[in-house]
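Visitor: Let's see this in three dimensions:
(2 chains)
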Amino acid sequence: MQDAENVAAPEAAEERADPARQQPASEPPPPPEEEQTESGTSEVARTEDPEEEAAAGTEPEVRAEPAAQPEETATSPAKPSAPVLAEGPGGQAGDHQSIDEEGGPDGSAAADAEPRAVENGEADEPSFSDPEDFVDDVSEEELLGDVLKDRPQEADGIDSVIVVDNVPQVGPDRLEKLKNVIHKIFSKFGKITNDYYPEEDGKTKGYIFLEYASPAHAVDAVKNADGYKLDKQHTFRVNLFTDFDKYMTISDEWDIPEKQPFKDLGNLRYWLEEAECRDQYSVIFESGDRTSIFWNDVKDPVSIEERARWTETYVRWSPKGTYLATFHQRGIALWGGEKFKQIQRFSHQGVQLIDFSPCERYLVTFSPLMDTQDDPQAIIIWDILTGHKKRGFHCESSAHWPIFKWSHDGKFFARMTMDTLSIYETPSMGLLDKKSLKISGIKDFSWSPGGNIIAFWVPEDKDIPARVTLMQLPTRQEIRVRNLFNVVDCKLHWQKNGDYLCVKVDRTPKGTQGVVTNFEIFRMREKQVPVDVVEMKETIIAFAWEPNGSKFAVLHGEAPRISVSFYHVKSNGKIELIKMFDKQQANTIFWSPQGQFVVLAGLRSMNGALAFVDTSDCTVMNIAEHYMASDVEWDPTGRYVVTSVSWWSHKVDNAYWLWTFQGRLLQKNNKDRFCQLLWRPRPPTLLSQEQIKQIKKDLKKYSKIFEQKDRLSQSKASKELVERRRTMMEDFREYRKKAQELYMKQKTERLELRGGVDTDELDSNVDDWEEETIEFFVTEEVIPLGGQE
Amino acid sequence: MKPILLQGHERSITQIKYNREGDLLFTVAKDPIVNVWYSVNGERLGTYMGHTGAVWCVDADCILFVLSLLFLSPGKQLALLKTNSAVRTCGFDFGGNIIMFSTDKQMGYQCFVSFFDLRDPNQIDSNEPYMKIPCNDSKITSAVWGPLGECIIAGHESGELNQYSAKSGEVLVNVKEHSRQINDIQLSRDMTMFVTASKDNTAKLFDSTNLEHQKTFRTERPVNSAALSPNYDHVVLGGGQEAMDVTTTSTRIGKFEARFFHLAFEEEFGRVKGHFGPINSVAFHPDGKSYSSGGEDGYVRIHYFDPQYFEFEFEA
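Guide: Residues are numbered from 1 along each chain as shown, chains lettered A, B, ... in the order given. Model (predicted):
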């Protein structure tokens, strides 16, 4: 690009000298990307480039151009001059010189330009040109005002011209060959109506100009051929000719970018410093109209923030809990800090789904709207810190969200399409090693949460067995391949630390009826990744790894005879069944994030049956029920569980209940049209393994302190309650006293209205009573409730 | 606490009411019968026939008048007032001379509150009330006379409460504390306060002179009726899942329960199950020793409180 800029310098300078003409050429429509950010969010984009803004301001004039164009382009091809020269004609002597310099040996082109500058088109008769010292005293307007308006504008065809840099420099002998090659590459984008190869000392200069039949082709060429690798030494840089001015205005000296004012967002992790170590959660209720953030507290949740219409659909916490993302028609907003101020916005019309990278550095958004052929916008990856768009992607297939899966450290992300697995790297967002993996038939893949290992599987194809492959990245080394036979389906389950991978394989072994399920357990931390298998003949309802351990739970069987089995993967690789409970009412397994404890829930159709199990000794700690519960959410520390009935799945009794991990019910929180509760995640602990061990050892010491604290707060709570009731009672008594006084005052009026009879008390006029004795037959009858009708 | 079950209606109960002394219980339902029972043992004293459609409201004067679109004394129809659309609420004023009733917005007719003075026979003969208040915005779903018969307090479909003057018909006070339809309004014994029952799952206590909101009682189901205890600071709420939704869901989630709240603390302290449809009307016996509930299931249940009820006290 560098030389191209230098070359363009004189013209651009002239252009500025002639204000009448300057306009059209100087305003490249802002590149699409900037336009994007500008329309939407980022102020950063504005301050960055003030010229940009100025250009955008005059944009409409550029738009007006194309209307006049078609007929004008028709005239320009008539001239054999290189398109670049159309830029040159300025009428002054200086011009000619510059053109000569520029055009070099191409004398005819220079000659061409000269008459045209004066005579507007009669280029073929040089004898009509004025002598050098002639001063025109008749203005052109006067002379041929009627035809002047038809004169070709210098913008003619300019929009269709591209500049290609880094073209091989060749002598005349190989020029023809070069032209052929160039033609082959660039005619893909449209018909090339003109080309120009500037030469110097008998060799081409290394840059060329091409003109297309329409500006759209030129844009297409820039988009697709820029960065084209011709060979090792030559990578094309393609630019629109009209962009020259933009690049010209970039001064040679590098200005230190203006320092962005530092926005103090406060401590984004303030909630971790809370003295009581309480956790936060978000609650959406009133069918989505209101969103609240609460401190979780054993007594009552403490509200931190409540806003109406904070989000239009739902909210998401970032993986480490720093940000709260809200969804809007226009895009995504991130909130955080103590007051939940807005931290960042991402403009993406009609956004529906989002995903954070595990490192909280990037955000992936998906919108079904707005995608166009040449501007991928269905999926956008954003930089959270700057708010800039990093890359857009098309979304052709209707795969499961997240379409892009992130590696545990956020260094890579991958996507699966037909027969390919594309792995991209950050921060460049480019394909890793510039190419995707061809894996024909790939069905599913998944990153290890504990290392940059990707697992994927391929189904059977004729004689080739199904295959599960573990691949190390970025080396792409296959560290383990396992062949499987008679496979119907596979599911990949990683243990949270990445210590184990379980591949659930549904098989139909030859000679048998029905499906058998194998759990293939890969021990990732051992050499060669040994695999052990557990086979089950029953239907599998659910499978889940213990997050920080080596146990897993399986729900199997057919309703109503559902059993749960707990297995333990021993260090020698043996897989041992620890315990099986039958007759369970459950369809989902929820492990505590700290392991050991598990909640087996029968959600929705199973009426919300809950079983709290301690897997260290396999005891059921409690059996309970939250009728029609639709969700179970463990808090990030594993101390509490919330079960909830969401308005999204069930329209009545929308509430969330708080339980301890042992299954003791602490709170029932009814919320009108409650929709969703999400715990704020915590970042990984900063304590070392030794420190944790030490704390566990000293648990008795701590528990004493905490128990005392609990007792204190309990007695405080009951005191508070009594106190509250007392004030309520006092207020109420006061009110009643006033009402009674008023009532007594009105006694005379009442007497008057009732003809002098006092009816204030039931027995106030006993004297008037007539006694009558009625004999009742009192029969007792036992009626079974609900038995009638 | 064994309830006495009254089976005298073929359709769902719309309202039940004790007379002032509490020995009689009047019940009306969507069938055309008005039943009167001895509250002490549930024996039926008699029925009033004469209606042709659903009866929505009943009010017993101290000298035993029943108004319910018709006037009836034991055995004899006193007067018949014809209206264009269904009568939703009705009531005698404190003096027993003026009746008020409101009609539904129905079949192209507006919602009106009509006032008849019984001392003027012309009004009944000509079927012309001395005053008619049009109510265009939101129809009246429940109404009672205010203290001393100076005003009426009306609850609207929108959840608004209006106090209309019984003399001029103008709106004296307007408040909106409920977000949905007010199903029932019942006064305390001394008429200084009243409790509203609303479809928005709450019942609220108001002062009857200035309509100032005092207390709120929250449940998870629409509240169809609420009644204040005459001698304790208690309120009973009746309601449950709306009848039209019941068939689509399991019976367990209906919550067809009468719920007892403390008036000052707004806290629930007891529940009575038994109905297998929503409770449409509850009423306290004037002596506060028993209460009755009438449900969508067509039954009326008279409950005498256990001794524990009278001993129970909140820790305060």
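Visitor: List the neighbouring strands of the host helix or strand of B:Ile133 plus their orientation.
Guide: Assessed by DSSP states H and E, B:Ile133 sits inside strand B:131-135. Strand pairing for strand B:131-135, determined by DSSP bridges: strand B:111-117 (antiparallel).
Visitor: re the thing from before, which other residues reach the strand holding B:Ile133?
Guide: When contacts are defined by Cβ atoms under 8 Å, 6 or more residues apart in numbering or on different chains, strand B:131-135 is touched by residues B:102, B:110-115, B:154, B:156, B:164, B:166, B:169. All C-beta spots, glycine's among them, are computed from the backbone N, C-alpha and C.
Visitor: switch the cut-off to 6 Å
Guide: B:110-115, B:164, B:169 (Cβ atoms under 6 Å, 6 or more residues apart in numbering or on different chains).
Visitor: same check, this time on stretch B:284-298
Guide: Here stretch B:284-298 has contacts from A:762, B:9, B:12-13, B:16, B:18, B:22, B:27, B:227, B:229-231, B:236, B:238, B:243, B:258, B:275-283, B:300-304, using Cβ under 6 Å, 6+ apart.
Visitor: Up against chain B, what does the stretch 551-700 of chain A have?
Guide: Contact residues (Cβ under 6 Å from any Cβ of the partner chain) of the stretch 551-700 of chain A with chain B: A:652-653, A:670.
Visitor: Out of the residues you listed, which sit inside strands?
Guide: Judged by DSSP state E, those include A:Asn670 as members of strands.
Visitor: most surrounded residue in the residues of the stretch 551-700 of chain A next to chain B?
Guide: Comparing those by number of neighbours (other Cβ atoms under 10 Å in any protein chain shown), A:Asp653 comes first, having 21 neighbours.
Visitor: Low-confidence ranges, the chain, go.
Guide: No chain in the question, so chain A it is. A:1-127, A:149-157, A:370-371, A:373, A:397-399, A:759-772, A:774-789 (pLDDT under 70).
Visitor: my bad, the chain I had in mind was chain B
Guide: B:1, B:49-86, B:106-107, B:243-253, B:316.
Visitor: rerun at 80
Guide: Low-confidence segments of chain B, defined by pLDDT under 80: B:1-2, B:20-21, B:32-33, B:47-97, B:103-110, B:118, B:120-128, B:136-137, B:242-254, B:314-316.
Visitor: circling back to that earlier point, now tell me what touches the helix or strand that the strand holding B:Ile133 is followed by from outside.
Guide: Using DSSP H and E, the next helix or strand after strand B:131-135 towards the C-terminus is strand B:140-145. Contact partners of strand B:140-145, identified using Cβ under 6 Å, 6+ apart, comprise B:89, B:91, B:93, B:102, B:111, B:152-157, B:181-182, B:184-185, B:187.
Visitor: Mind checking which of these land in strands?
Guide: Per DSSP E, these map to strands at B:89, B:91, B:102, B:111, B:152-156, B:182, B:184-185, B:187.
Visitor: out of those residues, who's nearest chain A?
Guide: B:Leu187 (11.9 Å; Cβ to the nearest Cβ).
Visitor: Which strand residues bridge the residue in the stretch 301-450 of chain A that chain B sits nearest to?
Guide: Going by Cβ to the nearest Cβ, chain B is nearest to A:Ala308 of the stretch 301-450 of chain A, at 14.6 Å. Beta-bridge partners for A:Ala308, by DSSP bridges, are A:Arg290.
Visitor: thinking it is in contact with A:Ser292, fair?
Guide: No. The pair A:Ala308 / A:Ser292 is not scored as a contact, 10.3 Å apart, by Cβ atoms under 6 Å.
Visitor: Give me the more crowded residue out of those two.
Guide: A:Ser292 (18 against 8).
Visitor: I'd like the distance between that one and A:Leu677.
Guide: Distance of A:Ser292 to A:Leu677, given as Cβ to Cβ, to the nearest Å: 10 Å.
Visitor: can you list residues touching both of those two?
Guide: A:Val283.
Visitor: what about the closest residue to chain B within the stretch 451-600 of chain A, how many neighbours?
Guide: Of all residues in the stretch 451-600 of chain A, A:Gln585 sits closest to chain B, at 15.2 Å by Cβ to the nearest Cβ. Number of residues near A:Gln585 (other Cβ under 10 Å) recorded here: 18.
Visitor: which ones are touching it?
Guide: A:Gln585 neighbours (Cβ under 6 Å, 6+ apart): A:602, A:606, A:609.
Visitor: swap the cut-off to 8 Å and go again
Guide: Residues in contact with A:Gln585, defined by Cβ under 8 Å, 6+ apart, are A:560, A:562, A:602, A:606-607, A:609, A:611.
Visitor: Can you tell me which of those are buried?
Guide: A:562, A:602, A:606, A:609, A:611 (16 or more other Cβ atoms under 10 Å in any protein chain shown).
Visitor: Take those and lay them out in TSV including secondary structure.
Guide: As requested, the buried ones among the contacts of A:Gln585 are exported to TSV (DSSP: H, G, I helix; E, B strand; the rest coil):
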residue	secondary structure
A:Ile562	strand
A:Gly602	strand
A:Met606	helix
A:Ala609	strand
A:Ala611	strand
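Visitor: Apart from its neighbours in sequence, what residue is nearest the closest residue to chain A within the stretch 101-250 of chain B?
Guide: In the stretch 101-250 of chain B, the residue that lies nearest chain A is B:Thr192 (3.8 Å; Cβ to the nearest Cβ). In this structure, B:Thr192 finds its nearest non-sequential neighbour in A:Ala739, 3.8 Å apart by Cβ to Cβ, 6 or more residues apart in numbering or on different chains.
Visitor: Look at that neighbour and say how many residues are nearby.
Guide: Around A:Ala739 there are 20 residues (other Cβ under 10 Å).
Visitor: so who does it touch?
Guide: Contacts of A:Ala739 (Cβ under 8 Å, 6+ apart): B:190, B:192-193, B:207.
Visitor: Is it within a helix or a strand, and which one?
Guide: Using DSSP H and E, A:Ala739 sits in helix A:699-745.
Visitor: cool, and B:Gly270?
Guide: Assigned by DSSP H and E, B:Gly270 falls in strand B:268-272.
Visitor: Strand partners (parallel or antiparallel) of the very next helix or strand once past that strand?
Guide: The first helix or strand that comes after strand B:268-272 along the chain, using DSSP H and E, is strand B:279-284. When pairs are called by DSSP bridges, strand B:279-284 turns out to pair with strand B:290-295 (antiparallel).
Visitor: Now do the partner strand against strand B:268-272, angle only.
Guide: 60 degrees (axes from the mean of the first three to the mean of the last three Cα atoms, to 10 degrees).
Visitor: Dump strand B:290-295 to CSV, keeping only the CA atoms.
Guide: Provided in CSV are the C-alpha atoms of strand B:290-295 (Å, rounded to 0.1, in the frame of the first residue of the first chain):
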residue,chain,number,x,y,z
SER,B,290,-68.4,-19.6,63.6
TYR,B,291,-68.1,-18.7,59.9
SER,B,292,-69.5,-20.1,56.7
SER,B,293,-68.2,-20.5,53.2
GLY,B,294,-70.0,-21.1,49.9
GLY,B,295,-68.2,-22.5,46.9
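Visitor: Run the chain-centre distance for that strand.
Guide: Taking Cα atoms, centre = their mean, to the nearest Å, one finds the center of strand B:290-295 at 12 Å from the center of the full chain.
Visitor: and if you look at stretch A:667-677?
Guide: 27 Å.
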